[in-house]
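> sequence-free structure coming up:
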């Protein structure tokens, strides 16, 4: 039977040894569950999504993420019915207007309008996918991006899939329109992942601070994210410039 090494932080490794928990069994079950979740998303996208059944077909997606997918389906069917592509998903993300992914972009000094302009310059055609009955097929890159979206959520230890995970999935998919657009405006998968992690940390901190406070939480969230992300993004950019392209993954 093949073996997979699992590396743990020193403190956790010591705690695992002391507690005597069955590491192999736990890891196997966790991996089985993760593989099922990721595979199910791709299969669902490839077989077709019904805009009226997204909560059932994509149960881990948040309400905002469902809205983004609905907007993507609507955009793909704006003219001749066509498979939903990564460009449609990115357009839906921008059009939704109030999600965390957009605040992450702004904190990285990338305005959504800039992304939209770049998206408008790219043709929307992508390989794969077909429309049938009430269900809408997704292009091969779009199905891959949704799979990566679920993978990013699992990797971050989240039991939900939000727009911030979709941003990472689109940025990490190598063959789709959205990935090319995001890379063209400066969104690289590694720096975006760090920015999302910082944004989520800032959001949780803000929730704790405003639980008994007053004021506009949306404006406070945007200000808090920008304040926390700016130093992090700047440090990442300086580090990547120092290391050079061969060190970037």
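Ah, there it is. The structure presented is a predicted model; accordingly, all values stated were derived computationally and were not measured.
> Show me where the protein dips below the pLDDT cut-off.
1-8, 16, 23-43, 46-47, 79-81, 127-136, 202-249 (pLDDT under 70).
> got a list of what residue 126 touches?
The contact partners of residue 126, taken as CB atoms under 8 Å, 6 or more residues apart in numbering, are 83, 85, 86, 87, 139, 140, 141, 142, 175, 176, 177. Where C-beta positions appear, they are placed from N, C-alpha and C, glycine not excepted.
> Pull the number of nearby residues for the second one.
The burial count assigned to residue 85 is 28, neighbours taken as other CB atoms under 10 Å.
> Identify the residues contacting it.
76, 124, 125, 126, 129, 138, 139, 141, 142, 176, 177, 178.
> Let me know the distance separating the last one from residue 76.
This points to residue 178. 13 Å (CB to CB, to the nearest Å).
> do the same with the second one
Between residue 124 and residue 76 the distance, using CB to CB, works out to 8 Å.
> between the two, what contacts are shared?
Residues touching both residue 124 and residue 76 by CB under 8 Å, 6+ apart: 82, 85, 88.
> out of these, who's nearest residue 100?
residue 88 (19.9 Å; CB to CB).
> now that closest one, nearest residue through space, not along the chain?
residue 72 (4.0 Å; CB to CB, 6 or more residues apart in numbering).
> in which helix or strand would I find the one you found?
With secondary structure defined by DSSP states H and E, residue 72 is part of helix 63-76.
> can you check residue 150 too?
Applying DSSP H and E, one finds residue 150 within helix 140-155.
> which strands and helices sit next to that helix?
helix 23-47, helix 86-96, helix 163-172, helix 177-184 (3 or more CB pairs under 8 Å, 6 or more residues apart in numbering; DSSP states H and E).
> Just want the angle from the second one to helix 163-172.
It refers to helix 86-96. 150 degrees (axes from the mean of the first three to the mean of the last three CA atoms, to 10 degrees).
> Following element in sequence after helix 86-96, please.
Assigned by DSSP H and E, the successor of helix 86-96 is helix 100-107.
> Now that next one: buried residues?
100, 101, 102, 103, 104, 105, 107 (16 or more other CB atoms under 10 Å).
> out of those, which one sits closest to residue 52?
For the buried residues of helix 100-107, the nearest to residue 52 is residue 101 (24.1 Å; CB to CB).
> check contacts around that closest one.
Taking CB under 8 Å, 6+ apart as the criterion, residue 101 is in contact with 93, 162, 163, 164, 166, 167, 196.
> burial measure for the fourth one, as a count.
Spelled out, that is residue 164. So residue 164, with other CB under 10 Å, has 31 neighbours.
> Repeat that for the third one.
Here the number of neighbours of residue 163 (other CB under 10 Å) works out to 23.
> how close does it get to residue 9?
Taking CB to CB, one finds residue 163 at 30 Å from residue 9.
> likewise the first one?
Here residue 93 is placed at a distance of 34 Å from residue 9 (CB to CB).
> picking that back up, can you give me the buried ones in the helix holding residue 150?
140-154.
> Hmm, residue 45 is touching residue 139, no?
No. Between residue 45 and residue 139 there is no contact under CB atoms under 8 Å: 9.2 Å.
> Give me the more crowded residue out of the two.
Per other CB under 10 Å, whichever of residue 45 and residue 139 has more neighbours is residue 139, with 29 against 26.
> Just want to check the distance between that one and residue 126.
4 Å.
> Equivalent analysis for residue 97, please.
24 Å.
> Can you turn the buried part of the contacts of residue 101 into a PyMOL selection?
A single PyMOL command selects the buried members of the contacts of residue 101 (16+ other CB under 10 Å):
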select buried, resi 93+162+163+164+166+167+196
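> Name the nearest of the contacts of residue 101 relative to residue 117.
residue 93 (14.9 Å).
> what sits against that closest one?
Contacts of residue 93 by CB under 8 Å, 6+ apart are 68, 99, 101, 102, 163, 166, 167, 170.
> Lovely, talk soon.
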